[in-house]
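*Asks:* Sequence and predicted structure are below.
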Amino acid sequence: MHTPYKRLENFNFEGRVVVELGCGPLLGWGPMAIFLGADKFIYEEPWLKRDVLFTDEIRELYLRPLFDELTANFGARQTFEIFLEKVLNSGSMPSTEDDRVDIIISNSTLEHIPKEDLSILLLKYRQLCSEEAVYLHAVDFSDHQSREKGFGDMYEGPNRPRHGLNFLRKPDLEDVIRESGFSNYSSMVYRSSSASPSHPDWDCYEIADLEARVVLFIGSIS
Ligand SMILES: C[S@@+](CC[C@H](N)C(=O)[O-])C[C@H]1O[C@@H](n2cnc3c(N)ncnc32)[C@H](O)[C@@H]1O
């Protein structure tokens, strides 16, 4: 909200087709995007089970309280029934050949996808982007294990993907994003932790890049 990014307005969900990569089992940003007027929500999520999403329990214990919370925050915009229908109509693929993607978001997902698969995934959505498309990827570079939310012994060993993490660092992700056809306006370091690498595999990185723990990658297609 506080960057002077000239495309900041494009993150407004109203009338946009929104994609979330790795939204998790409950559609992540989807319900909020829909509540705030997104035309369509598309997700890419191997763990999402539609038969679970469609249950009475998810409707009453998750979607209805979330709808009430969104209404309390943003005002009444639609009935719960219309909201629910749109949420349940979210798709895992663009539904028509004319579908264009306007906003791509992810939260703590890109660090979990192997580099080759990540390039394929980003390229797939790059090809669907409208001229105004923007993206925001929040990436957690920590070891996902240490209580203190740092890097644990990550930098004491070789740079080899493990624990479900691809071990890409900030500059590597910038490369993957650019090579997939996106331009990167900013890699905003939101949280840092100290790092003192002892394995030579990490020598090619700046220390600030190894200490970047949560980074917001923001940009567009040009
Ligand atoms: C740490 S979870 C984050 C979930 C959610 N975004 C959140 O913030 O709670 C990582 C997510 O990435 C998803 N994921 C893993 N591989 C993926 C892939 N190849 N494409 C899309 N999502 C993937 C996982 O299924 C999981 O839901």
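*Replies:* Okay, I see it.

*Asks:* For the rest of this, base every contact and every neighbour count on C-alpha atoms.
*Replies:* Will do.

*Asks:* Report the backbone C-alpha coordinates of stretch 157-174 in CSV.
*Replies:* Extracted in CSV, the C-alpha atoms of stretch 157-174 (Å, rounded to 0.1, in the frame of the first residue of the first chain):
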residue,chain,number,x,y,z
GLY,A,157,25.0,-27.4,4.5
PRO,A,158,24.9,-27.6,0.7
ASN,A,159,22.4,-25.7,-1.3
ARG,A,160,20.2,-28.7,-2.1
PRO,A,161,16.4,-28.7,-2.1
ARG,A,162,15.0,-30.6,0.9
HIS,A,163,12.2,-30.6,3.6
GLY,A,164,9.8,-29.7,0.7
LEU,A,165,11.7,-26.5,0.0
ASN,A,166,13.4,-25.6,-3.3
PHE,A,167,16.1,-23.6,-1.4
LEU,A,168,16.0,-20.9,-4.1
ARG,A,169,17.0,-17.5,-2.6
LYS,A,170,15.8,-14.0,-3.4
PRO,A,171,18.0,-13.4,-6.5
ASP,A,172,17.2,-17.0,-7.9
LEU,A,173,13.4,-16.3,-7.6
GLU,A,174,13.9,-12.9,-9.3
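
*Asks:* Give me the buried positions along that stretch.
*Replies:* Buried residues in stretch 157-174, counted by 16 or more other C-alpha atoms under 10 Å: 159, 165-170, 173-174.

*Asks:* and the strand ranked longest in the chain, what's its mean pLDDT?
*Replies:* Using DSSP state E to define each element, the chain has its longest strand at strand 129-140. Regarding strand 129-140, the rounded mean pLDDT is 97.

*Asks:* Stretch 161-178 now?
*Replies:* Rounded mean pLDDT across stretch 161-178 is 97.

*Asks:* does the ligand sit close to it?
*Replies:* No. Stretch 161-178 lies out of reach of the ligand by C-alpha under 6 Å from any ligand atom, never closer than 8.7 Å.

*Asks:* what sits up against that stretch?
*Replies:* Stretch 161-178 is contacted by residues 111-115, 118-119, 122, 141, 143, 159-160, 183-184, 187, 209-210, 212, 215 when judged by C-alpha atoms under 8 Å, 6 or more residues apart in numbering.

*Asks:* So what touches stretch 102-122?
*Replies:* Taking C-alpha under 8 Å, 6+ apart as the rule, stretch 102-122 contacts 10-11, 13, 16-23, 129-130, 132-141, 161, 164-168, 176-177, 179-180.

*Asks:* Just the buried subset of these, please.
*Replies:* So, by 16+ other C-alpha under 10 Å, the buried ones in the contacts of stretch 102-122 are 10-11, 13, 16-23, 129-130, 133-141, 165-168, 176-177, 180.

*Asks:* still on that earlier bit, if we check the ligand, which of the contacts of stretch 161-178 are in contact?
*Replies:* Near the ligand, by the rule C-alpha under 6 Å from any ligand atom, you find 112-113 out of the contacts of stretch 161-178.

*Asks:* Sort out for me which of the contacts of stretch 161-178 are in strands.
*Replies:* Using DSSP E, the subset of those located in strands is 183-184, 187, 212, 215.

*Asks:* ok, and the most crowded of those residues?
*Replies:* residue 212 (24 neighbours; other C-alpha atoms under 10 Å).
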